[in-house]
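Trainee: Sequence and predicted structure below; questions after.
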Amino acid sequence: MSNIYDYKAIEAKWQGRWDKSGVFRVERDRQKKKFYLLEMFPYPSGKLHVGHLRNYAIGDAIARRKRMQGFNVLHPIGWDSFGMPAENAAIANKSHPYKWTSNNIDEMRSQFKMIGISYDWEREVATSHPGYYKWTQWIFARMFDEGIAYRKKSFVNWCATCVTVLANEQVIDGLCWRCDNKVEQQERDGWFLKITDYAEDLLKGLKQLEGDWPLRVLTMQKNWIGKSFGAQVDFKIEGGGDITVFTTRPDTLYGATFMALAPEHPLSRKLACGTELAEGVENFIRKTVSQNTIERSAEGVEKEGVFTGRYAVNPLNNELIPIWIANFVLIEYGSGAIMSVPAHDQRDFEFARKYDLQIRVVIAEDKKSVEESPEELALDGDALVEAYTGDGLMVNSGPFNGLDNRKEGMAKVAEYLKEKGIGERTINYRLRDWGVSRQRYWGAPIPIIYCDKCGPVRAPDDQLPVILPTNVEFPESGLSPIAGLDSFIDTICPKCGGPGRRETDTMDTFICSSWYFNRYTSARLKTALADREDVDYWMPVDQYVGGIEHAILHLLYARFFTKFLNNIGAVSVNEPFRRLLTQGMVIKDGAKMSKSKGNVVPLDGIVRKFGADATRLFILFAAPPERDLEWSDAGIEGSFRFLNRVYRLVEGNIESIKKGAEVTEGAPGKIGEMPKDLAIIVRATHKTIAKVTSDFDRFQFNTAIASVMEFLNTLTAYKFKDDPLSCAVLREAVEYIALLLQPFTPHFSSEIWEMIGHTEPVTDELWPVANDACLKDEEVLIVVQVNGKLRGKFSASPDVSKEEMEKLAFADEKVKGFIGDKPVRKVIVVPGKLVNVVI
RNA sequence: GCGAAAGUGGCGGAACUGGUAUACGCGCUGGAUUUAGGAUCCAGUGGGAGACCAUGGGGGUUCGACUCCCCCCUUUCGCACCA
């Protein structure tokens, strides 16, 4: 008898069977309750590594268990196959992204099969396939029609290394999310999606997800959307023109002693134009704008500014206030201009101190000070050490004096502004429109044609997909090979029939992944992005599993697309993912495992050495799913050993186990009549079922697996006899081990199941249910404490009375010794658990 | 700075609503088997000679605290001039 089970043969055998029989293929079936389980699909970077495995092992465990619970489970996989690495690799190897990508997909597909994930392979999609991106373009076309996709010139995030523009969500701490290089600001034309139109819907939708999504993700999205209430106010510029500002503090308007514009603000250059200040202003703007995001926004960067020489009129008191340009004012937020209230805003305060600008207090901290010394308040702006940002009573504010700033002031000032037609209450969001133009080749072409007469016109639906030409050469620079490709560019305007030029930018790949979950419901359909009945049956995704790194990016975009598709009547759901499980990252050498960081632990070597089952089991056993996991090879042998022990138990007792099938009634019914020690095994069996079930419901795979291991320890410690009842007990134990492990170690479970004589596959079995009668112990251990410290134990019937427990506790010799002759002050008895004697 | 999560043996991690802290696994020690190694099996394994002491530190509530409350420290993550 070999010590190591033949995992290679076993895994190949079952993978072959699953492939051939197509057990994991599903069809829409209104009779059955559906369950849509989805893991975030991978970018086909080459090979699976243990970081990938975690995601897919978790997903597969859930999918397989749901199948065992009788659900019609949709569990598909595909490829997020557009993207820069393919293009860069192609340039480096003088190959083509198409080839590189499809080779990688082939490699990764075979690896997915090698680890036995229960996918419906008939639904496989690849976002770089024309049959897929046709519908990506179709959605873009709808967005164009609805005014959601639009073109504008603006300051955008530019990554020089990737030679392309990035969305705000793709800039992490001022660095490119992909290559970690510094991002610069550049003024460019490009396509944007008006995600801001959906800001309120996206925010509201988060409420619906509460409890089903990790709170962390909900909070991050909420902060990202960043809703704030306030007012917009128009300030007249002395000598003509006006500036609109957004403020959350209309109650401090009387304290606005200067204005500040973002350097990028269109008026910044104009205001000083032709004056002797023009040069200084120009220099300041140029210097500030050329700084990258980090240099400009890092903590502790000093506030700087320059005076434009011009003044605006405070609309409430008609005072002239100087207009400055300041580095801390952001063009992206609000209107890119602010009214500055140094007494009540720390940033304005620092700026005012530096440039010696007036500071006027308009909110008094408490009532008393207003009543006692009203005249002093007008003066003490200079005495402030920092801005007062709290609430209080309005002072120095004309007719508003004495009002509670928050309860009345804000509304009253806003009302007044509205009456005068110089402002109103408004809501501002931090969320910006999504810049989606990418100056790279390997992405979905934006289906737009420029015509000198008609402007940008979208390609008609019957001309979709706009095919990305594959017969191209790649310049070393990383510039897109289609940017100068006349055969692609030159076309006819669909509107007027005149000459037209195709857009050569491609779409951000996050667009491709914003709707793919719909496509799985009818992956090969040629006439629509998804069959309406199919998509209505399967969507939403019941359980989504993916990395926390997409908390904002992908998860926000996918929600936005779903709301848009719902809006145009293409789908019925409003939120794509009912429940979300964010698994922690797999860390190696202190960084998230990824190919670009060069710290990947490839899967194939490990699987070769221990088998797919042991590898999957280990990664689920090593830590709870949400926690980060520092990878080490060290523990995997334990999982492998465990499987070997189970295998040997079955192989070594195969005759008894088979004989056990002849006892027709099964062990649980006979628990009352069997020997005590055998009954303990039956109880352990059913307790394990109950424990694995409840742990699984909470996705605590690590403890679920631990309890099966513990059960095996109990089982192997017991000397089974060969009588029919013992055989039945052993058989039952082995059967449940196979069933409970099936979601984690499917090949192994299948093999065990077959070995003990089953002809139907274990993957078709139902999830076991513990027998309640077997969960109750015959005896329980009662602990005895003296003054809260453990001093003794005894066992008793689980329904032992409190009086009896107390009696038994005091009878314990050790306990007696600790009590001595001291008086007993109190005795606490927890039924069936513990006695605590207080002396 | 703000917000969130976390801190338990040599290591990964258990402990559901306060009730035997350290389940399960790794590693380590000793033994059995083996020509040897590997594999396997058995026993042991928080610290301390000990009464006792231990869940980041310090207080508190309680008969009883990893669990609840207060203060502090550390780590990780997110946000960070958002007007």
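Mentor: Structure received.

Trainee: Show me what A:Gln186 bridges to in the sheet.
Mentor: A:Val156 (DSSP bridges).

Trainee: quick one: low-confidence ranges for chain A?
Mentor: A:1-2, A:293-294, A:298-300, A:366-380, A:664-668 (pLDDT under 70).

Trainee: How is it partitioned into domains?
Mentor: A:7-137+A:511-606, A:153-193, A:227-429, A:633-774, A:780-838 (automatic domain parsing).

Trainee: how about these, which one is nearest A:Lys453?
Mentor: Ranking the domains of chain A by distance to A:Lys453, with Cβ to Cβ as the measure, places domain A:153-193 first at 18.9 Å. Any C-beta I mention is one placed from the backbone N, CA and C, and that applies to glycine too.

Trainee: Just send the domains of chain A back as JSON lines, with mean neighbour count and distance to A:Pro465 too.
Mentor: Putting the domains of chain A into JSON lines (neighbours: other Cβ atoms under 10 Å; distance: least, Cβ to Cβ, whole Å) gives the following:
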{"stretch": "domain A:7-137+A:511-606", "mean neighbour count": "19", "distance to A:Pro465": "4"}
{"stretch": "domain A:153-193", "mean neighbour count": "18", "distance to A:Pro465": "17"}
{"stretch": "domain A:227-429", "mean neighbour count": "18", "distance to A:Pro465": "33"}
{"stretch": "domain A:633-774", "mean neighbour count": "18", "distance to A:Pro465": "38"}
{"stretch": "domain A:780-838", "mean neighbour count": "15", "distance to A:Pro465": "68"}
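
Trainee: who wins for proximity to A:Thr491 among those domains?
Mentor: domain A:7-137+A:511-606 (14.7 Å).

Trainee: quick one: the closest one near RNA strand B?
Mentor: Yes: Domain A:7-137+A:511-606 lies within reach of RNA strand B by Cβ under 7 Å from any atom of the strand, at A:Ile548, A:Ala551, A:Ile552.

Trainee: Contacts only, for the first one.
Mentor: The one in question is A:Ile548. Contacts for A:Ile548 (Cβ atoms under 8 Å, 6 or more residues apart in numbering) come out as A:Pro214, A:Arg216, A:Val217, A:Thr582, A:Gln583, A:Gly584, A:Met585.

Trainee: which residue is nearest the middle of chain A?
Mentor: In chain A, the centroid-proximal residue (Cα atoms, centre = their mean) is A:Ala551; its distance is 3.1 Å.

Trainee: these two touch, right, that residue and A:Val217?
Mentor: Yes: A:Ala551 is within contact range of A:Val217, at 4.6 Å (criterion: Cβ atoms under 8 Å).

Trainee: Neighbours of the residue of the stretch 401-550 of chain A found nearest RNA strand B, how many?
Mentor: Distances between the stretch 401-550 of chain A and RNA strand B by Cβ to the nearest atom of the strand are smallest at A:Arg430, namely 3.8 Å. By the criterion of other Cβ atoms under 10 Å, A:Arg430 has 16 neighbours.

Trainee: Can you tell me how far it is from A:Ala414?
Mentor: Distance of A:Arg430 to A:Ala414, computed by Cβ to Cβ, to the nearest Å: 21 Å.

Trainee: Going along the chain from the host helix or strand of A:Glu655, find the next helix or strand for me.
Mentor: Here A:Glu655, judged by DSSP states H and E, is contained in helix A:654-660. With elements assigned by DSSP H and E, the helix or strand that comes after helix A:654-660 is helix A:676-697.

Trainee: who's in contact with that following helix?
Mentor: A:61, A:65, A:667-668, A:671, A:674, A:701, A:703-704, A:707-708, A:710-711, A:714-715, A:718, A:725-726, A:729-730, A:732-733, A:736, A:740, A:743, A:767-771, A:774-778.

Trainee: Just to be sure, which of the residues you listed are found in strands?
Mentor: Within those, no residue falls in strands by DSSP state E.

Trainee: Spatially nearest residue to the single nearest residue of chain A relative to RNA strand B (excluding sequence neighbours)?
Mentor: Closest contact between chain A and RNA strand B, by Cβ to the nearest atom of the strand, is at A:Gly638 (2.5 Å). Once flanking residues are discounted, A:Gly638 sits nearest to A:Phe618: 7.4 Å by Cβ to Cβ, 6 or more residues apart in numbering.

Trainee: cool, and A:Ala272?
Mentor: A:Val281 (4.2 Å).

Trainee: And A:Ala256, by the same measure?
Mentor: A:Ala256's closest residue in space is A:Met339 (Cβ to Cβ, 6+ apart), at 4.0 Å.

Trainee: how close does that neighbour sit to A:Ile4?
Mentor: A:Met339 is 76 Å from A:Ile4, by Cβ to Cβ.

Trainee: same deal with A:Ser726?
Mentor: Distance, A:Ser726 to A:Ile4, using Cβ to Cβ: 28 Å.

Trainee: again, but for A:Leu74
Mentor: Separation of A:Leu74 from A:Ile4 (Cβ to Cβ) stands at 36 Å.
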